[in-house]
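J.: Return a 3D structure for these sequence lines:
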Amino acid sequence: IERCLKAGIKTIQLRIKDSQDPDLEQKIAAAIALGKHYNARLFINDYWQLAIEKKAYGVHLGQEDLLTADLNAISQAGLRLGLSSHSHFEVARARAIQPSYIACGPTFATTTKAMPWVPHGLEGLQYWAGSLDYPLVSIAGIDEHNIKAVAATGVSGIAMITAITLDKDPKAKTRRL
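T.: Residues are numbered from 1 along each chain as shown. Now for the predicted structure:
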């Protein structure tokens, strides 16, 4: 988180997939403090209760999280909400909730997460960018070879993980991208 913030990223998501991590609460609190220090929009992935308790900027949820998350509590706490979507049904569901943004993907194949959906590529992303009246974030498989084409679709944001984290100089790569 801090390396990305130091490199100038202003919107970032903390993803910790190990819910049994004994330092989970401490890591989330530290990330929120860093986000505030760098005046960045930090979204906590999944852990909406801790995001509320620790006063995060926002929370990001997947469709499966909508079954258990208290959306009223998230809203009453003043947190921004991002929702992942991968199909027409999920986009319709997300729009009904009125999130701060909708993350749409997979745009391209990815190795960071098992995705049972067929990537919709630039054509599908263009369709969603032209159809939605919400800020749209493109997710999955974006790198230095396709980022300009992704940006040209009109999306509001582009989520990147391995294009940055697997680079030998993540800071320089972030600045280039």
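J.: Low-confidence bits of this protein, can you list those?
T.: 111-115 (pLDDT under 70).
J.: and Gln98, what is it in contact with?
T.: Gln98 makes contact with no residue, according to C-beta atoms under 8 Å, 6 or more residues apart in numbering. Using the backbone N, CA and C atoms, a C-beta is placed for each residue, glycine as well.
J.: Check the gap between it and His145 for me.
T.: 34 Å (C-beta to C-beta, to the nearest Å).
J.: just so I have it, where are all the helices in this protein?
T.: 2-6, 24-37, 48-53, 71-76, 88-97, 121-131, 147-151, 162-165, 170-176 (DSSP state H).
J.: Include distance to Ala109 when you put those helices into TSV, please.
T.: TSV is the format used below for the helices of the chain (distance: least, C-beta to C-beta, whole Å):
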stretch	distance to Ala109
helix 2-6	23
helix 24-37	28
helix 48-53	29
helix 71-76	31
helix 88-97	19
helix 121-131	10
helix 147-151	14
helix 162-165	12
helix 170-176	20
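J.: For these, give me CSV that also has distance to Gly82 and mean neighbour count.
T.: As requested, the helices of the chain are exported to CSV (distance: least, C-beta to C-beta, whole Å; neighbours: other C-beta atoms under 10 Å):
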stretch, distance to Gly82, mean neighbour count
helix 2-6, 17, 15
helix 24-37, 14, 16
helix 48-53, 11, 19
helix 71-76, 11, 14
helix 88-97, 9, 14
helix 121-131, 15, 16
helix 147-151, 18, 15
helix 162-165, 19, 16
helix 170-176, 20, 14
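J.: Ok, which of those comes nearest Leu61?
T.: Closest to Leu61 of the helices of the chain is helix 48-53 (C-beta to C-beta; 6.8 Å).
J.: can you give me how far the closest one is from the chain middle?
T.: Relative to the chain's own centre, helix 48-53 is displaced by 16 Å; criterion: C-alpha atoms, centre = their mean, to the nearest Å.
J.: residues in contact with that helix?
T.: With C-beta under 8 Å, 6+ apart, helix 48-53 has contacts from 24-25, 28, 32, 44, 56, 58-59, 61, 65, 69-70, 73-74, 77, 79.
J.: before we move on, what about stretch 157-176?
T.: For stretch 157-176, using C-beta under 8 Å, 6+ apart, the contacting residues are 3-4, 6-9, 11, 13, 101, 103, 105, 110-112, 135-140, 142-144, 147, 150-151, 177.
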